[in-house]
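Novice: sharing a model that was predicted from the sequence below.
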Amino acid sequence: MRFVVGLFWTFLLTCMATYIVGAMGGHAGLDLTKSSIMSVVIFMLVVVLGEIMPMNKEKSQH
């Protein structure tokens, strides 16, 4: 379930960022193909980084 929610939010935020950057660059529309590809790539990077980063199991963190 966390992967589905993560992919959804990544897609939503990437579409928003692509639209804003495109509008600032003078393009009129939203490119869903580019947004979809970018969101999948970013999502995979986040998942891989989350798996390879060490987790500290101590409960005394503040």
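Specialist: Received it, and whenever you're ready, just let me know what you need.
Novice: in this structure, which residue is most central in space?
Specialist: Centroid-nearest residue in the chain: Thr10, 3.2 Å away (criterion: Cα atoms, centre = their mean).
Novice: what residues of the helix or strand hosting that one count as buried?
Specialist: Using DSSP states H and E, Thr10 falls within helix 2-24. Neighbour-count burial for helix 2-24, counted by 16 or more other Cβ atoms under 10 Å, picks out 7, 10-11, 14-15, 18-19, 22. To be clear about C-beta, it is placed using only N, CA and C from the backbone, and glycine gets the same treatment.
Novice: now do that helix: which elements does it pack against?
Specialist: When contacts are defined as 3 or more Cβ pairs under 8 Å, 6 or more residues apart in numbering; DSSP states H and E, helix 2-24 sits against helix 32-52.
Novice: I'd like the mean pLDDT over the helix it packs on, please.
Specialist: Mean per-residue pLDDT for helix 32-52: 93.
Novice: what about Leu49, distance to Ile42?
Specialist: Using Cβ to Cβ, to the nearest Å, Leu49 is found at 11 Å from Ile42.
Novice: still on that earlier bit, and of the buried residues of helix 2-24, the nearest to Gly29?
Specialist: The nearest member of these to Gly29, counting by Cβ to Cβ, is Gly22 at 7.4 Å.
Novice: separation between that closest one and Leu45?
Specialist: 22 Å.
Novice: before we move on, the earlier item: neighbour-wise, which of Leu49 and Ile42 wins?
Specialist: Ile42 (16 against 9; other Cβ atoms under 10 Å).
Novice: much appreciated, bye for now.
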